[in-house]
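Student: My questions are about this predicted structure, shown below with the sequence.
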Amino acid sequence: MNRPSTRRVLPLALTVLASLTLITFQRSAPATQVNLVAISVIASDKATGLPVKDLTNRDFQIFDNGKPAALSYFRAFSDSDSSAEGLSFWLVVGCDPSAAESRTAAVRKRSEFARHVLERLAPRDTVGVARWCEAKGTAKVDLAPTADRQAPLQAIDASSVSQTEGNQVRHSHSALLKLLQRVTAASYPADLAPLPVLLFLESEEIDSSREQAQGFAQEVLSHSSLVICPAVNDSRATRLSGNSVTLLSYLAEKTGGQVFSAGRFGGNTGIDSVLAAFHSRYQLAYAPGALDSGWHEIEIRSAKDAVPKGTLATLSYRAGYLSAPGAQYNISERKALATKQSLSSLPAPPAASAGEGAFLLSVRGAMYEGNPRSAQFKLNVDQAALSWSAQDEGRQRSEVALKTDFLSSGGESLGQKLAAYEITRRELNAWSILRPIEISVYADVPENTDRIRFVIRDKSSGRTGFSEVSMQEILAAPRLRKVIY
């Protein structure tokens, strides 16, 4: 199987503009700012499919919108590099066959495949499990990324997406869009989440027009760092040219992913070669010549003497990035007392884990230096779960109310903070990838607080979500430093 010449951009473990590839460094000198574009590159031997591991910084040439760019950073990763940043691999399963016997065989095959992948991951890698079924338009995250190697196997065994319509090529991508949105949300609880690599364990290609595929790919590249790696059937040709393309393989090309043979482990077309490629990636960064607003195409070439011993290599990397795209949403606090009062009277929510219907995705917090009571909390809210009303100039609007409740070890409320927020966003297109909405809460934590409970309500629908975080977790987080301008 020939690998596509693919591309990808990867954020460095520095200060990252979350969904983009632009990285901003603030130096000690006043008003000095440097912007870098970080790129992850996979070099694969065209003959064997194995990673080419001995390239140096002089072996790469970078072009941004056709203009040469000087390399500012270089790192070569390897399987034996214990200090390498971990990756976030997602095991994605598809529709279940309708027949019970076939369904049992499919689950057994998935478990075997998942176990094989888990045994070959690096110690710092995390694993999540998701499922989708294009025939039914459904998608769900079963397990958020975890370092636990047993939890993914349990989630794979439990995962099931029924398909009432027979296996067939679909001309829609509604379930795929839902899947990417949910994985993006689940991959974003931390400021610097590991790179999400989606391994589609079963072949379920979708035919798409080139125009739709281009729009879909650019949205994925502009608002997420997802990498697509689909299994494909050797018997079905993958189309990347012409007016109709196979969507997952096209997204693999544009996001810097790899394709692999469905159900095959070893060899130059199996999943082993994909895992080896990501663990032996190169990380580059450069300063773009201009930060003009708009789409930037990236091209990386091998220098003439780059590949040793006459080996021909295929370079895989992200196709480009969106410079200065503007915020996907805006949020402002409102003095909506009636909304706050209605929220303050809410009963305590039951103890339950967040599920598909929960729209408060995650909460994290930390204390400030020099003040034993001052804290900041960041809440991630699922955009897709909120109610939105149309506004002028193609904007959409939503309102939420939030209650922060400080609880003792016995469950007694030691104090509350109430707030209401107005959220506006641009009108979405058919393939928008939604990032979680981040709400920041600043509060003084009362003495003897054991845990903090957050309750959020969508004003229009009345839907309520909640989450709790312990003071032990907050105190263990790195201290924040207040900056006075």
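Tutor: Thanks, I have the structure now. Just so we're clear, the structure is a prediction, and the values are computed from it rather than from any experiment.
Student: Phi first, then psi, for the closest residue in space to R451 that isn't next to it in sequence.
Tutor: Distance criterion Cβ to Cβ, 6 or more residues apart in numbering; nearest residue to R451, sequence neighbours excluded, is S470 at 4.8 Å. In this view, the C-beta of every residue, glycine as well, is placed from N, C-alpha and C. Main-chain torsions, S470, degrees, to the nearest 10: phi -90, psi 150.
Student: and what of I474?
Tutor: Torsion angles, degrees, to the nearest 10, at I474: phi -70, psi -40.
Student: repeat for G462
Tutor: The phi/psi pair for G462 (degrees, to the nearest 10) is phi 80, psi 0.
Student: got it, and P145?
Tutor: phi -50, psi 130.
Student: Also the one 10 residues further on?
Tutor: Note on A155: backbone dihedrals following degrees, to the nearest 10 are phi -70, psi -40.
Student: shouldn't it be in contact with V127?
Tutor: No. Counting by Cβ atoms under 8 Å, A155 stays clear of V127, with 9.2 Å between them.
Student: Name the residues contacting each of these two.
Tutor: Here A155 and V127 have L143 as joint contacts, going by Cβ atoms under 8 Å, 6 or more residues apart in numbering.
Student: of these two, who's got more company?
Tutor: Neighbour count, other Cβ atoms under 10 Å: between A155 and V127, V127 has more, with 25 against 22.
Student: quick one on the thing from earlier: make sure the residue nearest to R451 is actually in contact with R453.
Tutor: No. S470 lies out of contact with R453 (Cβ under 8 Å); the separation is 10.6 Å.
Student: and for those two, which residues touch both?
Tutor: Common neighbours of S470 and R453 (Cβ under 8 Å, 6+ apart) do not exist.
Student: more neighbours, the two?
Tutor: R453 (19 against 14).
Student: Need phi/psi at the more buried one.
Tutor: phi -110, psi 130.
Student: Okay, and the beta partners of it?
Tutor: Per DSSP bridges, residues listed as beta-bridge partners of R453: D405, E468.
Student: State the distance from it to F359.
Tutor: 16 Å (Cβ to Cβ, to the nearest Å).
Student: ok, back up a step: state the distance from the residue nearest to R451 to R364.
Tutor: 12 Å.
Student: Kindly report the same for A313.
Tutor: 41 Å.
Student: Among these two, which residue is more densely surrounded?
Tutor: A313 (19 against 16).
Student: wait, isn't that one in contact with A43?
Tutor: Yes. A313 lies in contact with A43 (Cβ under 8 Å); the separation is 4.6 Å.
Student: Check the secondary structure at R124 for me.
Tutor: coil (DSSP: H, G, I helix; E, B strand; the rest coil).
Student: how about the nearest residue to it, chain neighbours excluded?
Tutor: G86 (3.1 Å).
Student: That neighbour: what's it in contact with?
Tutor: So G86 contacts A122, P123, R124, D125, T126, P194 (Cβ under 8 Å, 6+ apart).
Student: Most widely separated two among those?
Tutor: P123 and P194 (12.7 Å; Cβ to Cβ).
Student: Looking at these two, which is more packed in?
Tutor: P194 (18 against 8).
Student: Stretch 202-219: which residues count as buried?
Tutor: 202-208, 212-213, 215-219 (16 or more other Cβ atoms under 10 Å).
Student: Show the end-to-end separation of it, please.
Tutor: Terminal residues of stretch 202-219 are spaced 24 Å apart (Cα to Cα, to the nearest Å).
Student: just stretch 158-178 next, same as before
Tutor: Rule used - Cα to Cα; the end-to-end distance of stretch 158-178 is 20 Å.
Student: Can we start the residue count at 126 from this point?
Tutor: Sounds good: first residue 126 from here, last item stretch 283-303.
Student: So for that stretch, mean pLDDT?
Tutor: For stretch 283-303, mean pLDDT is 55.
Student: sorry, back to before: I'd like the buried residues of stretch 327-344 laid out as TSV, including pLDDT and secondary structure.
Tutor: TSV is the format used below for these (pLDDT from 0 to 100; DSSP: H, G, I helix; E, B strand; the rest coil):
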residue	pLDDT	secondary structure
E327	82	coil
S328	72	coil
E329	71	coil
E330	70	coil
I331	79	strand
D332	81	strand
S333	84	strand
Q337	85	helix
A338	88	helix
G340	86	helix
F341	87	helix
A342	89	helix
Q343	87	helix
E344	84	helix
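Student: Those residues: which two are farthest apart?
Tutor: E327 and Q343 (26.4 Å).
Student: and the residue lying closest to S312 once chain neighbours are set aside, what are its bridge partners?
Tutor: Leaving aside its sequence neighbours, S312 sits nearest to P321 (Cβ to Cβ, 6+ apart; 4.5 Å). For P321, the beta-bridge partners under DSSP bridges are S213.
Student: Over to the one 4 residues further on?
Tutor: Beta-bridge partners recorded for F325 (DSSP bridges): V217, P355.
Student: Domain map for the protein?
Tutor: Listed by automatic domain parsing, the domain ranges of the chain are 126-451, 454-601.
Student: mind listing the helices in the stretch 276-425 of the chain by residue range?
Tutor: 276-283, 299-311, 335-348, 372-380, 396-404 (DSSP state H, counting those that start in this stretch).
Student: about what we covered before: got the contacts of G211 as a markdown table, with pLDDT and distance to D221 columns?
Tutor: As requested, the contacts of G211 are exported to a markdown table (pLDDT from 0 to 100; distance: Cβ to Cβ, whole Å):
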| residue | pLDDT | distance to D221 |
| --- | --- | --- |
| A247 | 89 | 31 |
| P248 | 88 | 33 |
| R249 | 88 | 32 |
| D250 | 92 | 27 |
| T251 | 92 | 26 |
| P319 | 75 | 29 |
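Student: Show me which of those is closest to G174.
Tutor: Nearest to G174 among those, with distances taken as Cβ to Cβ, is A247, at 19.8 Å.
Student: contacting residues around the residue nearest to the closest one when sequence neighbours are not counted?
Tutor: Once flanking residues are discounted, A247 sits nearest to H404: 5.9 Å by Cβ to Cβ, 6+ apart. Contacts for H404 (Cβ under 8 Å, 6+ apart) come out as F202, S203, D204, A209, L212, A247.
Student: ditto for L372
Tutor: Contacts of L372 (Cβ under 8 Å, 6+ apart): H298, L301, E330, I331, D332, S333, A338, F341.
Student: can you list those residues in a markdown table and add distance to V506?
Tutor: Formatted as a markdown table, those follow (distance: Cβ to Cβ, whole Å):
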| residue | distance to V506 |
| --- | --- |
| H298 | 25 |
| L301 | 23 |
| E330 | 33 |
| I331 | 29 |
| D332 | 35 |
| S333 | 30 |
| A338 | 30 |
| F341 | 24 |
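Student: Could you let me know which of the residues you listed ends up closest to G536?
Tutor: Distances from G536 to those, taken by Cβ to Cβ, are shortest for L301, at 43.0 Å.
Student: And stretch 368-376, what's buried?
Tutor: V370, T371, L372, L373, S374, Y375, L376.
Student: Save the residues you listed as a markdown table, and put in distance to V217 and pLDDT too.
Tutor: Converted to a markdown table, the buried residues of stretch 368-376 look like this (distance: Cβ to Cβ, whole Å; pLDDT from 0 to 100):
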| residue | distance to V217 | pLDDT |
| --- | --- | --- |
| V370 | 20 | 86 |
| T371 | 16 | 86 |
| L372 | 14 | 89 |
| L373 | 10 | 90 |
| S374 | 15 | 90 |
| Y375 | 17 | 91 |
| L376 | 12 | 92 |
